[in-house]
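J.: Just to be clear, the model below is a prediction. Sequence and coordinates:
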Amino acid sequence: MLVVLVVLVVLVVLVVVVLVLLVLLQLVLLLQLLLLLILACSYLKPFKAALHDAKSGSVMCAYSMINGQPMCSNQFIMNSLVRGNQANDPSQVMTRMLVLLLLLLLLVLTLTPAWS
């Protein structure tokens, strides 16, 4: 009888932990959505005017990194923000060969085990 009670208490605790984690995940997703909305409403207006409204032919991606990921390889920035949602957008994102080589080097260093 005591074992059954302990198992039930453990299951209830696990369910509560999972529910708390799900609520926290929803809060994080809502925060990301809010930050994206703030970004789109304030900081992206000049870039939208330069890229889409002025119908620029090409842009050059940044060399900087956010969370260890170069902006040239950030799919969200490149596809959603720079190229936009239109499938027929003529904008091209230009880069230098050095950036591609650095990305390749970063990939090789990431996949290579540490030297011992």
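T.: Cool, the structure landed.

J.: show me where pLDDT drops low in this structure?
T.: For the chain, the stretches with pLDDT under 70 are 63, 83-99, 114-116.

J.: Recalculate using a threshold of 90.
T.: 1-7, 28-29, 31-116 (pLDDT under 90).

J.: Give me the buried stretch members for the biggest helix by length in it, please.
T.: Counting residues, the longest helix found in the chain (DSSP state H) is helix 2-38. Within helix 2-38, no residue counts as buried by 16 or more other C-beta atoms under 10 Å. Every residue, glycine included, has its C-beta placed from N, CA and C.

J.: same question, stretch 65-85
T.: Within stretch 65-85, judged by 16+ other C-beta under 10 Å, the buried ones are 70-74, 77, 81-83.

J.: among the residues you listed, which are in strands?
T.: P70 (DSSP state E).

J.: quick revisit: beyond the longest helix of the chain, next helix or strand please.
T.: Next along the chain after helix 2-38, taking DSSP states H and E as the criterion, comes helix 45-48.
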